[in-house]
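Visitor: Give me the fold of what follows.
(chains A and B)
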Amino acid sequence: MPIVAFAVIVLFTRFSEKLSKTISIFAIAYGFVYSTITLFQTLGNPAGFVIDKGFDWLVLGSFTLQIGMYVDGLTVVMLMVVTIVALLVHIYSIGYMKGDPRTSRYFAFLSLFSFSMLGLVLANNFFLIFCFWELVGVSSYFLIGFWYEKKSASDAGKKAFITNRIGDYGFIIGLLLTFFTFGSLAYSDIFGAVHHDPSHFSAGTLAAIGIFLFCGAVGKSAQYPLHVWLPDAMEGPTPVSALIHAATMVAAGVYMVARALAIYHAAPEAGMVVAWVGGITSLMAATIGLVQKDIKRVLAYSTVSQLGYMMMALGLGSFAAGTFHLMTHAFFKACLFLGAGSVIHAVHAQDIFRMGGLSRKMKATSTTFIIASLSISGIFPLSGFWSKDEIIASAEGYLPLLILAIGVAFMTAFYMFRLVFLTFFGEPRDKDAFEHAHESPKVMTWPLIVLAFLSIFAGWVGIPWLPKGFSSFAIDFGHGVHHAEFNFLLAGISTVVALSGIFLAYMIYIRKAIDHVAIGQKFSLAYKFLFNKWYWDEIYDAIVIRPILWFAEFLAKFDKYVIDGLVNFMGKFTLVLSWLHNLFDKYVIDGAVNGTGYTVKGIGWIISRAQTGRLYNYAFIIVLGVVVILIVKLF
Amino acid sequence: MESFSFPILTLMIFIPIIGMLILAFLKQSQLLAIRTVSTVFSGIPLVLAVILLANYDPGGGFQFVEKVSWIPALNIHYFLGADGISVPMLMLTALLSFISIIASFGITHRAKEYFVFFLLLEVGMMGVFAALDFFLFYVFWEIMLVPMYFLIGIWGGPRKIYAAIKFFLYTLFGSIFMLVGILILYFSSVDPSTGAHIYTLDLTILAQMAQNGNGLFLREGLQLLVWMFFFIAFAIKVPVWPFHTWLPDAHVEAPTAVSVILAGVLLKMGIYGLLRISFPILPYGTDYFSTFLAVLGVIGIIYGALVSMAQKDLKKLVAYSSVSHMGYCLLGMSVFSHFGQEFIVGISGAMFQMISHGLITGALFLLVGVIYDRAHTREIAAFGGLWTKVPVYGSLMTFFCMASLGLPGLSGFISEFLVFVGGFAKYKVLTGIAVLGVVLTAGYFLRMIQKVFLGQFNIKWSDLTEINFREIFTVTPLAILTLLIGIYPKVLSYMIDDTLGDLSNSIINGVNIVKGILG
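Guide: From the prediction side, this is the model:
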């Protein structure tokens, strides 16, 4: 449905902003209603509900590519998340993008994105998911670079696209390996085969498939070492960051790994790779998030970190924990981003050290923002508590990862409340901006309120004691529900850790009991290291980008001087040769030339040197021809 | 489709000649008449191509066959026919010729000769794709060179003479090898069933010989030698790395419409020649050199992409991207069987790539021409922020760049994907390297888009005008087909499926025969 909206907007309504908005919103609302209907169908029969329909898309000899739709519990969860967040973001954007001359273009790409994302979720095989995977990527490229006059924005778009392509490189190899291992790319064939007879396939192949496919997820979900594009992607309009770079698209990687979990079960080594990459990502991003000054960058690193969390859970085999956190995270992170957008809209600044005291002016925004922050920090009984707790529980038995997970939980609580305190409390540090600040219009605050509501309650479907909770309908292939028992000890620890994080932030930024500037100076080396994001951008620039560009330049020169030089040399050589033979040739060749009349026609004006060269060639042909005939005859 | 009584292929080939004759009687100053005549006489072959397509039966082998004796003394026939490999190419040729004629309306300098040459070029191209007698094929192949030479040499850019001569001599150099190969084939051809010498250049009979293991094909070394001769001729045309350096020069100097034909049709003739001649007639050589083909293809992909990245001229960038994209064809076609079974994903990928590269790169050259007509420069660094000024143009350019870098939903993706699947069946590591091309291609196209269209608007271009209706008209059919093949690839696959299946089987069979005889 949204693809129709995209086409209509691109082709016809470029000039009518209002119409574009209406069409776009109508399309996504339709998607939402339809998803809800599907949800209720699913609830009727959680475990058994599966739609798998497809048709032959391309047939070449014995090779067939199918495309089709696959709907099960996981799909339904994703559909709900995508359509709810997308609908709210569409509505919110009306207020946020007001007055921008290119609003139609904005809504067109938003529609294209929504279409692609829904397609990605509904795909029934790896080929189709890859197609939509690229399409969400390209809509993201256009939306990040939406304000293309800014160099940083167009750079960020390009970086996002290319970094993702690097991940996709692995994805494509994974697809090829999958195809030649299973003879199919359909989920049902692959996972069916893995589940029924894992020993049929060599463990090495399965692990390789798992790791290559994971490369794609690493790119899309901004995991280490391809995480560098996501923080830059914040150059896009904030609602876009909320929808694409927080709630949905970046979660596509997590979704894909969750889909393919059967492979990671059969190849635990690949699963461990996923877990460790996720764990390292979440730790690294959290440390960077501690010191960033830009409100959106803090949230961006938080997203990277939380995605790492999900990956870790999935890598450890906990399907329910990973996908559950995906859902709750989508709601509270979208709420945080939209809240941040509301703040930016009000003060026209993104540096949190220039804000402060905004809670007095922006009641709805600050309240919803704080609710979402509590949720992400994992405070009982908000959504985040339940899902985060499941993740930590899933790391039980893997001590290093368990410690890491708890550490990250602490840091998350700290940086979130650092953000909250600096933005909404204390004295305004930039009086001017503060004076002009105002609450955002209703069309922006209502989506916030809905999301805050979901940040509190959405997690309750996953309360472990519910008979028909989250895990029962997000059931996956065959290996049944893998659901961690509720662990009071771990839940207690994580709550205490979160609270202490909040308390520390409170001490530093409200009570000013600890001087954060002084700490920064004391550990200036560490601070710089974190503030500059572990220098990943610089490292990549030095070891990847520059060498490639240098090599490209080198090859271009090589092409011009060596290969083409050789060609020109051959040409000149022939000319010299023909000149030397000139006298001799005249008598021998002239007769033969007359036979090839048409080449002579019209070459009068060609410089004579070329003419000689050509004649020589023709002579050469004939001589060679005679020789060949002789050879053949002699055989 | 036993007998299609209407000599459709002959008409397609020779109708432009009528146009040429009419043009000859027009005055240089009658621009409107010249344009109308050229449009009509390139439009008729397009209509015929559509009729051809509508009447084509995918399972029917060679169709629309016309065969009359031409030079009886040498047993040479005027022999035309079309199958699943040539029908799409004829369609592409007719479409691009028609579009190029329209795109050439800006030519006013010696317009009459220009369009005469252009129509002659169309004759040559159509002829190559329809000929089934090797001699006839060779004649058309050479005919095509002449108008191309003049089109570049007269209407080209500053270094036109150099580029034209380089193009002409280089191709002629390849032709020598082809001619020698033809002679060897001619003198060693035998009747497929009796084994008696018959001296023929009938491509269908030559292919039959390979199936029966008669004549020349007993001699392993000679088959390899002839294969190499043909390969040199075709490789120069493709162009295969390292024979590619005439291409950027020719492209940069050629007028826009000529670049379109050059990239869209001429480059395909090399691949077409391999598929039509080397593959069925010399299966053993094809099999023997398949890895060699794949390696050259992968080198082309990576090398072309990297060199593109370093280009500062828009047209050169697109030209080198062609080198890269033709590499995909080579890699794809190097895999024509899988464990001795029919396997056509790879060759199909090459076919898809030929068509989609023709559409996409044709459009890219048209669009580069649009900006060059207005700005009189193609220097990437000279632009900036053009999107603000020319949003429609920017969107079209971005669309085709996305198509070229393999965005799903557009035709470039399907061909790349098929090539990868095909290639991976046989060459895991090589294909793994080739896939890197996907990343590099994204790199140079996005870099170009950014430098030309995004960023601060460069005030220098404030009176740049938006793409006009005629120009949009020329790229629209290409955009529609790119999208159509991307979304519903069956429009192309149904045509080529059976033909390529037969080809795959005939190679497997031919190889087995030679190997069987050799023991």
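Visitor: Give me the pLDDT for the nearest residue to residue B:413 once chain neighbours are set aside.
Guide: Leaving out its chain neighbours, the residue that sits closest to residue B:413 by C-beta to C-beta, 6 or more residues apart in numbering or on different chains is residue B:406, at 4.5 Å. Just so you know, the C-beta spots here come from the backbone N, C-alpha and C atoms, and that holds for glycine as well. At residue B:406, the pLDDT value in this model is 90.
Visitor: what's the burial count for residue B:406?
Guide: Neighbour count of residue B:406, defined by other C-beta atoms under 10 Å in any protein chain shown: 26.
Visitor: Next, the buried residues of the strand ranked longest in chain B.
Guide: Taking DSSP state E as the criterion, chain B has its longest strand at strand B:63-71. For strand B:63-71, burial by neighbour count (16 or more other C-beta atoms under 10 Å in any protein chain shown) applies to B:63-66.
Visitor: Of those, which is the nearest to residue B:383?
Guide: Residue B:383 has its nearest neighbour among the buried residues of strand B:63-71 in residue B:64, at 47.0 Å by C-beta to C-beta.
Visitor: Distance check, residue A:313 against chain B.
Guide: Separation of residue A:313 from chain B (C-beta to the nearest C-beta, to the nearest Å): 30 Å.
Visitor: residues touching the residue nearest the centre of chain B, list them.
Guide: Chain B has residue B:268 as the residue nearest its centroid, 1.8 Å off, counting by C-alpha atoms, centre = their mean. Residue B:268 is in contact with B:89, B:92, B:354, B:357-358, counting by C-beta atoms under 8 Å, 6 or more residues apart in numbering or on different chains.
Visitor: Select from these every entry located in helices.
Guide: With helices taken from DSSP state H, the overlap with the contacts of residue B:268 comprises B:89, B:92, B:354, B:357-358.
Visitor: and of these, the nearest to chain A?
Guide: residue B:354 (14.9 Å; C-beta to the nearest C-beta).
Visitor: And for that closest one, the neighbour number?
Guide: Residues within reach of residue B:354, counting by other C-beta under 10 Å, total 29.
Visitor: show me the contacts for it.
Guide: Applying C-beta under 8 Å, 6+ apart, one finds that residue B:354 lies in contact with B:88-89, B:92, B:268, B:271-272, B:329.
Visitor: on that earlier part again, tell me which helix or strand the residue nearest to the centre of chain B sits in.
Guide: In this structure, residue B:268 sits in helix B:267-273 according to DSSP states H and E.
Visitor: mean confidence score for that helix?
Guide: For helix B:267-273, the mean per-residue pLDDT is 93.
Visitor: For the following helix or strand past it, report the contacting residues that lie outside it.
Guide: With elements assigned by DSSP H and E, the helix or strand that comes after helix B:267-273 is helix B:279-281. Where contact means C-beta under 8 Å, 6+ apart, the residues beyond helix B:279-281 that reach it are B:185, B:203, B:206-207, B:209-210, B:286, B:333, B:336, B:503, B:506-507, B:510.
Visitor: and stretch A:79-89, C-alpha only, in CSV?
Guide: What follows is stretch A:79-89, C-alpha atoms only, in CSV (Å, rounded to 0.1, in the frame of the first residue of the first chain):
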residue,chain,number,x,y,z
LEU,A,79,4.3,-5.8,11.7
MET,A,80,2.7,-4.2,14.8
VAL,A,81,5.9,-2.5,15.8
VAL,A,82,6.6,-1.1,12.3
THR,A,83,3.1,0.1,11.6
ILE,A,84,2.5,1.7,15.0
VAL,A,85,5.8,3.5,15.0
ALA,A,86,5.5,4.4,11.4
LEU,A,87,2.0,5.8,11.8
LEU,A,88,3.0,7.9,14.8
VAL,A,89,6.1,9.2,13.0
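Visitor: about what we covered before: ok, of the contacts of residue B:354, which one's closest to chain A?
Guide: Nearest to chain A out of the contacts of residue B:354 is residue B:88 (C-beta to the nearest C-beta; 14.0 Å).
Visitor: before we move on, the earlier item: any quick PyMOL command for the buried ones out of the contacts of residue B:354?
Guide: Listed next is the PyMOL selection for buried residues among the contacts of residue B:354, using 16+ other C-beta under 10 Å:
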select buried, chain B and resi 88+89+92+268+271+272+329
